[in-house]
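Student: need a structure here:
(chains A and B)
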Number of protein chains: 2
Amino acid sequence: MSAVIAIDPGMVDQHIMELAQFGACAETGVCRTVYSAEWVAAQDHITTWCREAGLSVRQDAVGSVWARLEGSEPGPSIVTGSHIDSQVPGGRYDGVLGVIAGVIALRTLKERFGPPRRTLEAISFCEEEGSRFPATNWWGSRAITAAIGPNDPYEIVSAAGETIAQAMQAVGLDAARIPEAARTDIDTFIELHIEQGPILEHEGLPVGIVKGIPGIRHYLVELVGRTDHAGGVPMDLRRDAMAAAAEIITRAGETARSWGRPAVTTTGRIHVEPNLAAAIPGKVTFTVDARHPDPAKVQELWTGHEALIRSVAAKYDVEASWSLLVDHAPCPSDPGLIDLLETTAREQGIPFHSMYSGGGHDTQQMGLLAKVAMIFVQSKDGRSHTPDEYTTPEHAAAGIQVLTAALHRLAY
Amino acid sequence: MSAVIAIDPGMVDQHIMELAQFGACAETGVCRTVYSAEWVAAQDHITTWCREAGLSVRQDAVGSVWARLEGSEPGPSIVTGSHIDSQVPGGRYDGVLGVIAGVIALRTLKERFGPPRRTLEAISFCEEEGSRFPATNWWGSRAITAAIGPNDPYEIVSAAGETIAQAMQAVGLDAARIPEAARTDIDTFIELHIEQGPILEHEGLPVGIVKGIPGIRHYLVELVGRTDHAGGVPMDLRRDAMAAAAEIITRAGETARSWGRPAVTTTGRIHVEPNLAAAIPGKVTFTVDARHPDPAKVQELWTGHEALIRSVAAKYDVEASWSLLVDHAPCPSDPGLIDLLETTAREQGIPFHSMYSGGGHDTQQMGLLAKVAMIFVQSKDGRSHTPDEYTTPEHAAAGIQVLTAALHRLAY
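Tutor: Next comes the predicted model:
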């Protein structure tokens, strides 16, 4: 039985408001892209917090900030953290709350329990959102897993036309040194994050223990039929790409609904040609976003959707093809860590929901070299990637309490 | 038993090629909008043809050209014709083939049978396509039925910014005199037109006898749900406007397919917000084009689609509303005229298909003051409103033969 480790909601809120100043926009929003002046100021501020807490601090080769509480025994680290960058505009909570949680957790543990047995680290990842460089794909965590290709820094270009190597250089980082950020000495990684969905609010619970991150595919489906006069061509002689797309979208959604949580399938984007009221569409391009955290089930979902596209296309006599815009494998949380987090939450008296993530996170990259799990905190109306993001200080503190107590169990 | 009235395909083709010069574009296309220089030249050319044939010719107050073969008995006229304007780009056949048919029919009858008992007229309507002034809605035939409002000429504006009154003035027509174009002395109107669909080609027949023009509604449907994260929000907590739209499109199409010909329903246009792959659409706007030529059936089709929109919207918890962009009543052909045309076709040895029009035509406006029917001729691949339009001279001549022989039965 661990000690109860209370976290002061007011103190958490003060940290959130302090960091929200760096890149403050749109009243309650934050616009803080990687390697911007706001980003530099925010990472510096975090560094100051860590120094004041007596933690050793360093910045790695891609600009992620690491705080360290050295263990008395040798061995790989137990790490927590999240990302400091935001969408444009983003909110005050997505990513940064997990950074704050890590700093508070390490400071609290040091103050209350002194040096740990195993080394603890907290990280503020340089980048996760892809909001400045669309192809970065978790720049901070990919540097750690050595997943950044040697040409990536020179080939990944922002909307403004600069390469990420140039943006790094402007803040004193050398892209040639990226390999130095790689780590192989991390045993465990736990990320705290806002939920990005309404499940916890719907359940009336502050905290979620995340059993896994879904496999995600974005199919870009193209259907080619024949543009015809909407009056002149009878239903039985058409090659209507829109009718085929609508049936695919309807039936793919029905599959996900009939499977129930956590399966999801969404069509968010569609482009129709010629897009005229009285013309049967000859070409329709649309996305199918399909997710499931179970490795076998997600394959079944994807295979089923592909078969559906083929059979509906044949029914409407249209040509179907697709490419994958996104193709991420699922990342199940470590069963031992799930047990630990659930046991810890019960001990701390924090009610929780056992659930899956809906979105992708740095955790799935860290899962390539460490045991991983996540802690979610309730997010008002399930909102994220908007200035409207809001998590109550009490819910944030509850999540940080579970994180801190779990790190205590792991490292002391 | 009427005489066989052979029409020379080569002569028909020559007429088509002569008129195709006025506004020739895109190799085999025609761009000839109302009141343009090309349009003036084309109407002048038709006037010359009529004068050479010994027909009396006049232009009415909106610029439609009327040729007249005076009957020996008093009474209302028997009229044939179609429109001279085109889409941009359009083809060589849509509209103009019916104008040519009228001129050839009257000339042939005059040459072979002399003056008729009842007065025959052929018209080249000034405008039908709405390709220069989107809100004209059959300008030529609406002038004849006195359906043009007194402010219309000054309020209908082209994409280039001029009013239709200004465009009329530029070619010597006075908008204030439009009421003079009205007619109340037309007994019968028969229009020959290319099919604008593939049914005749599919049946391997040159000619269609048209039983009616469909009622047409274009619904503009707006569904409003809630934009959410495609991963974070489970299927059971969504308000997905795209999923609802897809099911409406699918089921409305299924209804039209299960009814069979001539019912059609098409979604040709769709607009999705925010239109991002990983965002559940919060708003979708789309058209539903629904047509049937039977007055009772079309009401049943429209009522059914409206009920479908309501019930699917409720299922997905989205708000549904709609407006009507187009709302045209069906126009059944006169039963006596259908009989006459079918009997005539048999007598002339022209194989035909008894069918419905899919699109709207001047005929439905003329139906407000006369008995009406239409003759279709086969159109290659069912194409229209494109430079690719093509009707063989033989098929065109077959249609003109039926028209000419029918006018002979009616007027001699």
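Student: from here on, just use CA atoms for contacts and neighbour counts.
Tutor: Fine.
Student: from chain B, how far off is residue A:404?
Tutor: 25 Å (CA to the nearest CA, to the nearest Å).
Student: find the nearest non-adjacent residue to that residue, please.
Tutor: Nearest non-adjacent residue to residue A:404, counting by CA to CA, 6 or more residues apart in numbering or on different chains: residue A:105, 4.8 Å away.
Student: and the helix or strand containing the one you found, what's buried?
Tutor: Secondary structure assignment for residue A:105, by DSSP states H and E: helix A:96-113. Within helix A:96-113, the residues scored as buried using 16 or more other CA atoms under 10 Å in any protein chain shown are A:96-110.
Student: following it, which helix or strand comes up?
Tutor: strand A:120-125.
Student: which strands or helices does that next one pack on?
Tutor: In terms of contacts (3 or more CA pairs under 8 Å, 6 or more residues apart in numbering or on different chains; DSSP states H and E), strand A:120-125 is packed against strand A:65-69, strand A:77-83, helix A:96-113.
Student: the helix or strand residue A:400 falls within vs helix A:96-113, what angle?
Tutor: Element membership of residue A:400, judged by DSSP H and E, is helix A:393-411. Calculated by axes from the mean of the first three to the mean of the last three CA atoms, to 10 degrees, helix A:393-411 forms an angle of 60 degrees with helix A:96-113.
Student: CA atoms only: put helix A:393-411 into CSV for me.
Tutor: Provided in CSV are the C-alpha atoms of helix A:393-411 (Å, rounded to 0.1, in the frame of the first residue of the first chain):
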residue,chain,number,x,y,z
PRO,A,393,-7.6,21.7,-12.3
GLU,A,394,-9.2,19.0,-10.1
HIS,A,395,-9.3,16.5,-13.0
ALA,A,396,-5.7,17.4,-14.0
ALA,A,397,-4.5,17.0,-10.4
ALA,A,398,-6.3,13.6,-10.1
GLY,A,399,-4.4,12.3,-13.2
ILE,A,400,-1.1,13.7,-12.0
GLN,A,401,-1.7,12.0,-8.6
VAL,A,402,-2.1,8.6,-10.3
LEU,A,403,1.0,9.3,-12.4
THR,A,404,3.1,10.4,-9.4
ALA,A,405,2.0,7.5,-7.3
ALA,A,406,2.7,5.0,-10.1
LEU,A,407,6.2,6.4,-10.6
HIS,A,408,6.7,6.1,-6.9
ARG,A,409,5.8,2.4,-7.0
LEU,A,410,8.1,1.8,-10.0
ALA,A,411,11.1,3.8,-8.8
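Student: now for it, which elements pack on it?
Tutor: Where contact means 3+ CA pairs under 8 Å, 6+ apart, helix A:393-411 is packed against helix A:9-20, strand A:77-83, helix A:96-113, strand A:186-194, strand A:207-210, helix A:335-348, strand A:371-377.
Student: run the chain-centre distance for it.
Tutor: 20 Å (CA atoms, centre = their mean, to the nearest Å).
Student: for that helix, buried residues please.
Tutor: Quick answer for helix A:393-411 (16+ other CA under 10 Å): A:393-408, A:410-411.
Student: got a list of what the residue of the stretch 51-200 of chain A found nearest chain B touches?
Tutor: Per CA to the nearest CA, residue A:197 is where the stretch 51-200 of chain A lies closest to chain B, at 4.1 Å. Residues near residue A:197 by CA atoms under 8 Å, 6 or more residues apart in numbering or on different chains: A:358, A:379, A:381-384, B:228-229, B:231-233.
Student: again with residue A:266
Tutor: By CA under 8 Å, 6+ apart, the contact set of residue A:266 is A:249, A:253, A:287-290, B:230, B:243, B:277-280.
Student: domain boundaries for chain A, per the record?
Tutor: Per the record, chain A has its domains at A:9-213+A:330-411, A:215-328, by automatic domain parsing.
Student: span of the last one from start to end?
Tutor: From the first residue to the last, domain A:215-328 extends over 5 Å; the measure is CA to CA, to the nearest Å.
Student: now do it: distance to the chain's middle.
Tutor: Distance of domain A:215-328 from its chain centroid, counting by CA atoms, centre = their mean, is 26 Å.
Student: what does the first one give?
Tutor: The gap between where domain A:9-213+A:330-411 is centred and where its chain is centred comes out at 10 Å by CA atoms, centre = their mean.
Student: okay, how far is it across it, tip to tip?
Tutor: This stretch, domain A:9-213+A:330-411, spans 24 Å end to end (CA to CA).
Student: show me what from the stretch 51-200 of chain A comes close to chain B.
Tutor: Proximity of the stretch 51-200 of chain A to chain B, by CA under 8 Å from any CA of the partner chain, involves residues A:195-199.
Student: any part of whichever strand or helix holds residue A:271 near chain B?
Tutor: Secondary structure assignment for residue A:271, by DSSP H and E: strand A:270-273. Yes. Counting by CA under 8 Å from any CA, chain B has neighbours in strand A:270-273: A:270, A:272.
Student: phi and psi next, for residue A:218.
Tutor: Dihedral angles of residue A:218 (phi, psi; degrees, to the nearest 10) stand at phi -110, psi 110.
Student: what's the answer for the one 10 residues further on, then?
Tutor: The phi and psi values for residue A:228, taken as degrees, to the nearest 10, are phi -140, psi 170.
Student: could you give the bridge partners of it?
Tutor: Beta-bridge pairing for residue A:228 (DSSP bridges): residue A:280.
Student: can I get the helices and strands packed on strand A:120-125 in CSV with mean pLDDT?
Tutor: Formatted as CSV, those follow (pLDDT from 0 to 100):
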stretch, mean pLDDT
strand A:65-69, 98
strand A:77-83, 98
helix A:96-113, 98
